[in-house]
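Engineer: Here's my sequence, what's the structure:
(one chain, ligands or ions: 3)
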Amino acid sequence: MTKIAIPEGSLFGPDNLPYGIFSTADSEPRAGVRVGDSVLDLSQLFDDIVFAEPSLNAFMAQGRARWDEVRAALKTMIDGDVADDAVYPIADVTLHLPIEVADYVDFYASENHASNLGRLFRPQNPDPLMPNWKHLPVGYHGRSSTVVTSGVDIVRPCGQRKGPNDEAPVFGPSIRLDIEAEMGFVVGVGSPMGSQITPDEFADHCFGAVILNDWSARDIQAWEYVPLGPNLGKSFATSISPWVVPLAALEAARIDTPVQDPEPLPYLKGSEKWGLDIDLAVEWNGHIVSRPPYAQMYWSPAQMLAHTSVNGAATRTGDLFGSGTISGPEKDQRGAFIELTWGGAEPVQVGDETRTFLEDGDEIAISATAPGPNGTRIGFGEVRNRILPA
Ligand SMILES: O=C(O)/C=C/C(=O)CC(=O)CC(=O)O
Ligand SMILES: [Ca+2]
Ligand SMILES: [Mg+2]
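Structural biologist: Numbering: from 1, shown residues only. Ligands and ions are numbered 1, 2, ... in the order given. Predicted structure coming up:
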């Protein structure tokens, strides 16, 4: 039996307890929880077959009462001694995609980001925001089969583009490959077709949160996305961090969203605070180039889920929805390079080099932390991926 050591100031203390899927050199992927620098094997600690599965979906489908029960049991366990064969050093495990992604929707919930993109793409408009933007969380349906996790290389996509000086579209590797630093929210318990989830029911449905990178080929996107929205420019890859931080771990991070004016329609109004005080950092080849603040997001994840289901669309276990690019008001808080470099016109310094969009071999890591109880902080870990040539 071992008492799990939790290093002083660890972002993975007993108030975090994020879930993931791990394997070791000689064992199959199964569910684990991160404590300090250790991974605890849930399939050893609980007599429940859901934890032997290679995704968290079966556990997530058990619902909020069970999530709370397992979390409470884990807190008790790590207060005492844990069986040695259930504990692995983090360095000895491989982390996998934690969930089997059902449907994937990505929103556009940052007013700073949406305004900046409006100024860049629609400079002729007096208002950078589209007329619908403050009335509903705008989103598009993405491709769940290309959601991957940290460590998976991203191959530069090919596609059509038509630059301002091209007479006809050309085909080839994207030359404006970009990131979007976002948070992703995972549905544990879905809702049947014909029903609606209200904002106050959010915690009964949402299991937890991950960091999300919505890789975006701006040149492909610009040519293809009128009038139906992004398609191949974003469907080649989306990456999420391997640890799913339970919603219950985010209690101390809950804040009001910025004032919403005009007042949203009743179905988007709840009585609970679902803004989240999460700080992100974007690292480009080892250099932090941006620190996007989630606290500034206009639409809350509870409003996004309510909007997703208000037309009676079903939701299900494993649904993933992205917040949209997170950008603060300052330049070094912008969560996409198209914004950070103002469409490529203002290159940024990345160590000894200057960059506009991504080059082959570049590596991006997005990390995030949030307040925990009593002045502590909890971590989401990171999502880190490298660009391979087309
Ligand atoms: O405003 C536009 O024309 C385009 C917007 C985007 O590409 C943003 C997007 O993908 C959504 C987001 O992540 O915020
Ligand atoms: Ca996005
Ligand atoms: Mg994507």
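Engineer: Would you confirm that Arg218 contacts Asp178?
Structural biologist: Yes. Contact criterion CB atoms under 8 Å: Arg218 and Asp178 qualify, at 5.3 Å. Bear in mind the C-beta positions are built from the backbone N, C-alpha and C, glycine included.
Engineer: gap between Pro347 and Trp284?
Structural biologist: Computed as CB to CB, to the nearest Å, the Pro347 to Trp284 distance reads 12 Å.
Engineer: Let me fix that, I meant to ask about Phe321.
Structural biologist: Taken as CB to CB, the spacing of Phe321 relative to Trp284 amounts to 26 Å.
Engineer: Out of those two, name the residue with the larger neighbour count.
Structural biologist: Neighbours per residue, other CB atoms under 10 Å: of Phe321 and Trp284, the larger number sits with Phe321, 27 against 22.
Engineer: hang on, the more buried one in a helix?
Structural biologist: No. The assignment for Phe321, made by DSSP: H, G, I helix; E, B strand; the rest coil, is strand rather than a helix.
Engineer: dump the residue contacts of it.
Structural biologist: By CB atoms under 8 Å, 6 or more residues apart in numbering, the contact set of Phe321 is Tyr104, Val105, Asp106, Phe107, Gly139, Gly184, Phe185, Val187, Pro301, Met304, Leu305, Thr308.
Engineer: try 7 Å
Structural biologist: Contacts for Phe321 were tallied using CB atoms under 7 Å, 6 or more residues apart in numbering; they are Val105, Phe107, Gly184, Phe185, Met304, Leu305, Thr308.
Engineer: quick revisit: name the residues contacting each of Pro347 and Trp284.
Structural biologist: Arg355.
Engineer: rewinding a little: more neighbours: which of Arg218 and Asp178?
Structural biologist: Between Arg218 and Asp178, counted using other CB under 10 Å, Asp178 has the larger neighbour count: 26 against 21.
Engineer: can you pull up the bridge partners for that one?
Structural biologist: Note on Asp178: beta-bridge partners Ser216, judged by DSSP bridges.
Engineer: Check the gap between it and Asn132 for me.
Structural biologist: Applying CB to CB, the value for Asp178 to Asn132 is 24 Å.
Engineer: Just the buried positions in stretch 21-32, please.
Structural biologist: Along stretch 21-32, the positions that meet the burial threshold by neighbour count (16 or more other CB atoms under 10 Å) are Ile21, Phe22, Ser23, Pro29, Arg30, Ala31, Gly32.
Engineer: again, but for stretch 332-349
Structural biologist: Of the residues in stretch 332-349, those buried (16+ other CB under 10 Å) are Gln333, Arg334, Gly335, Ala336, Phe337, Ile338, Glu339, Leu340, Thr341, Trp342, Gly343, Val348.
Engineer: Check the fifth one and give its pLDDT.
Structural biologist: What that stands for is Phe337. In the predicted model, Phe337 carries a pLDDT score of 98.
Engineer: Give me the phi and psi for Thr94.
Structural biologist: Reported as degrees, to the nearest 10, the phi and psi values for Thr94 are phi -100, psi 130.
Engineer: and the nearest residue to it once chain neighbours are set aside, what does it touch?
Structural biologist: For Thr94, the nearest residue in space outside its immediate sequence neighbours is Ser23; the separation is 5.2 Å by CB to CB, 6 or more residues apart in numbering. Ser23 sits next to Pro29, Val93, Thr94, His96 when contact means CB under 7 Å, 6+ apart.
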